[in-house]
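Undergrad: Here is the input, now give the coordinates:
(one chain, ligands or ions: 1)
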Amino acid sequence: MTSAQLAFDRQHLWHPYTSLVNPLPVYPVASASGCTITLADGRTLIDGMASWWAAIHGYNVPELNAAAQAQLKQMSHVMFGGFTHEPAVELGKRLVDLTPAGLNRVFLADSGSVSVEVAMKMAVQYQYARGERGRGKFLTFRGGYHGDTTAPMSVCDPETGMHSLFGGFLPRHHFIRKPPPGFVAEVDSGYVAELAAFFAAHAHEAAAFICEPVVQGAGGMYFYNPGYLNVVAELCQRHSLLLIYDEIATGFGRTGTMFAAEHAGFTPDILCIGKALTGGYLTLAATLCTDEVADTIGRSEVSVLMHGPTFMGNPLACAVAVASIDLLLQSAWKATIGRLSENLSLHLRAAAQIPTVKDVRVLGGIGVIETRQPVNVAKIQAFFVAQGVWVRPFGTRVYVMPPYVMTDAEIKKVCTAMVAAVAQNEHFQ
Ligand SMILES: *Cc1c(COP(=O)(O)O)cnc(C)c1O
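TA: Next up, the predicted model:
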């Protein structure tokens, strides 16, 4: 890339959550292959982020390239209204098989946020179909993240999720403090009682409870005991609410099970997936639901689900998703996540002794160092690039979720850089 191109980027292109007045630095990428990102100046970075949970097989994957190239020769896109095609059907079959039993109906959406929009509309339409016209609210945990479009934003954490800025614009839903921390911590009966009281107060006007099962991602890289999900599921049943799991981050093996829902005992009524769905190649997401939800909507006077994006069921994305799922299932993915987990624990452990560090935690293929002070993103990022790794922290979270194909030596290199980074005071605000 030329310096003129970089100057254009700085002047004209918004990057995620940045200012165009004083943008954070960006690093020009020339290519990516395996777990290595090559910068335009020739430097290479081991990628700890998997492009935000997505590139589970790494980059430039022969099987995914072949699927995309084969599909391009057939068609890149055709409208899904009035047409169907093999990639969509084959993907649908795999998703029905792979997701928790009972989730048989599939809506293909074009991004994670859209799949959450669809899930929320589905829940409202379901309640409407049952004659429950006053159930337009949602219940959720604080600390969640569900995407950046309006409906998902309205159920994101009200403090970190910009509710004050968009206060006059966003619908108001009901929040309960997030479950106590720790995947293996005991279920706290006091919190269970709070949940029951929360439902008793608000369930009558709510369509569904929505949450990220077990791992809250962009809201804080926070892990909690799956036992609370069973409590929520029972309360949903008792109060006739649907249960929506947002597994856009946790799906496809990341937490050690194919879906995080499997850590708990209940199938949700609605499930959102995205991110790793196409192995990080193309934007695609899906909202799955039970027969009960689909049939109730379908038999109602409205009868149709009121959503239909232009690029719904995009054949190119579906074909790559099919190849990505097949590649995952052919691999020893459970053992792979176990190996990632052990390596992350082994190499991040040293951070727990550092005074700037509040907590170190690992679950499946997710490793988190929580710091006491927010990091200076530009400074810590420059340090990581100088070390030859790619880690992109936010706030007080320095975290990784590497591609599953990362070698032990590569994981060690990424973790060593993370531990070294948080030991330096100048990396904090
Ligand atoms: C990333 C994410 C989303 C939003 O997905 P986009 O594809 O960015 O719209 C929603 N929910 C969770 C849990 C996510 O991690």
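Undergrad: Going by C-alpha atoms from here, please, whenever you check contacts or count neighbours.
TA: Will do.
Undergrad: and Gln127, what are its phi and psi?
TA: As for Gln127, its main-chain torsions (degrees, to the nearest 10) stand at phi -70, psi -40.
Undergrad: OK, contacts around Ser76?
TA: Ser76 makes contacts with 314-316, as judged by C-alpha atoms under 8 Å, 6 or more residues apart in numbering.
Undergrad: Pull up the gap between it and Ala4, please.
TA: Counting by C-alpha to C-alpha, to the nearest Å, the separation of Ser76 from Ala4 is 32 Å.
Undergrad: Equivalent analysis for Gln424, please.
TA: On the measure of C-alpha to C-alpha, Gln424 and Ala4 end up 34 Å apart.
Undergrad: Gly274 now?
TA: The value you get for Gly274 to Ala4, if C-alpha to C-alpha is used, is 35 Å.
Undergrad: One more: Leu363?
TA: Looking at Leu363 against Ala4, where the rule is C-alpha to C-alpha, the gap reads 43 Å.
Undergrad: who's more crowded, these two?
TA: Neighbours around Leu363 and Ala4, counted as other C-alpha atoms under 10 Å, are more numerous at Leu363. The numbers are 24 against 9.
Undergrad: Nearest residue to the middle of this structure?
TA: With the centre of the chain defined as its mean C-alpha position, the nearest residue by C-alpha atoms, centre = their mean is Ala249, 2.2 Å away.
Undergrad: Check what pLDDT that one gets.
TA: pLDDT, Ala249: 98.
Undergrad: next one: Thr36
TA: 98.
Undergrad: Pull up the residues of the stretch 151-300 of the chain that are close to the ligand.
TA: Counting by C-alpha under 6 Å from any ligand atom, the stretch 151-300 of the chain comes close to the ligand at 212, 217, 246-249.
Undergrad: Please narrow those residues to those residing in strands.
TA: Of those, the ones assigned to strands by DSSP state E are Asp246.
Undergrad: Would you quantify the distance from Val78 to Gln5?
TA: Summarising the geometry, the distance separating Val78 from Gln5, computed by C-alpha to C-alpha, is 33 Å.
Undergrad: So the two - more neighbours on which side?
TA: Comparing Val78 with Gln5 by other C-alpha under 10 Å, the one with more neighbours is Val78, at 16 against 11.
Undergrad: Can you give me every residue that contacts the more buried one?
TA: Remark: with contacts taken as C-alpha under 8 Å, 6+ apart, Val78 is in contact with 314-315.
Undergrad: Can you tell me the closest non-neighbouring residue to Leu170?
TA: On the basis of C-alpha to C-alpha, 6 or more residues apart in numbering, the spatially nearest residue to Leu170 that is not a chain neighbour turns out to be Ser154, at 5.7 Å.
Undergrad: Please give me every residue in contact with the one you found.
TA: The neighbourhood of Ser154, defined by C-alpha under 8 Å, 6+ apart, consists of 163, 170-173.
Undergrad: From the chain's centroid, how far away is the helix or strand hosting Cys236?
TA: According to DSSP states H and E, Cys236 maps onto helix 227-238. The chain centroid and the centroid of helix 227-238 are separated by 22 Å under C-alpha atoms, centre = their mean, to the nearest Å.
Undergrad: helices or strands up against it?
TA: Helices and strands in packing contact with helix 227-238 are listed as helix 189-202, strand 206-211, strand 242-246; criterion 3 or more C-alpha pairs under 8 Å, 6 or more residues apart in numbering; DSSP states H and E.
Undergrad: which residues sit against that helix?
TA: By C-alpha under 8 Å, 6+ apart, the residues outside helix 227-238 that reach it are 179, 187, 192, 195-196, 199, 208-209, 213, 242-243, 264-266, 268.
Undergrad: Repeat that for stretch 274-287.
TA: Taking contacts as C-alpha under 8 Å, 6+ apart, the residues outside stretch 274-287 that touch it are 50-58, 106-112, 114-116, 118-119, 247-249, 251-252, 270-273, 317-318, 320-322, 324-325.
Undergrad: ditto for stretch 352-362
TA: The contact list for stretch 352-362 (C-alpha under 8 Å, 6+ apart) reads 341, 344-345, 348-349, 351, 367-373, 422-423, 425.
Undergrad: Could you identify the most distant pair in the residues you listed?
TA: Checking the contacts of stretch 352-362 against each other with C-alpha to C-alpha, the farthest-apart pair comes out as Ser341 and Asn425, at 27.7 Å.
Undergrad: Between the two, which is the more surrounded one?
TA: Between Ser341 and Asn425, Ser341 has the larger neighbour count (other C-alpha under 10 Å), namely 21 against 12.
Undergrad: ok, that one - contacts?
TA: Remark: with contacts taken as C-alpha under 8 Å, 6+ apart, Ser341 is in contact with 362-367.
Undergrad: sorry, back to before: pull out the buried residues from the helix holding Cys236.
TA: Using 16 or more other C-alpha atoms under 10 Å as the test for burial, helix 227-238 gives 227-236.
Undergrad: try stretch 284-295
TA: Taking 16+ other C-alpha under 10 Å as the basis for neighbour counts, the residues of stretch 284-295 that come out buried are 284-290, 293-294.
Undergrad: returning to that earlier point: just the buried ones from the contacts of stretch 352-362?
TA: Among these, those that count as buried by neighbour count (16+ other C-alpha under 10 Å) are 341, 344-345, 348-349, 351, 367-371, 373, 422-423.
Undergrad: Let's see which of these end up in helices.
TA: 341, 344-345, 348, 422 (DSSP state H).
Undergrad: closest to the ligand among the residues you listed?
TA: Proximity to the ligand was ranked across these by C-alpha to the nearest ligand atom; first place goes to Ser341, at 19.6 Å.
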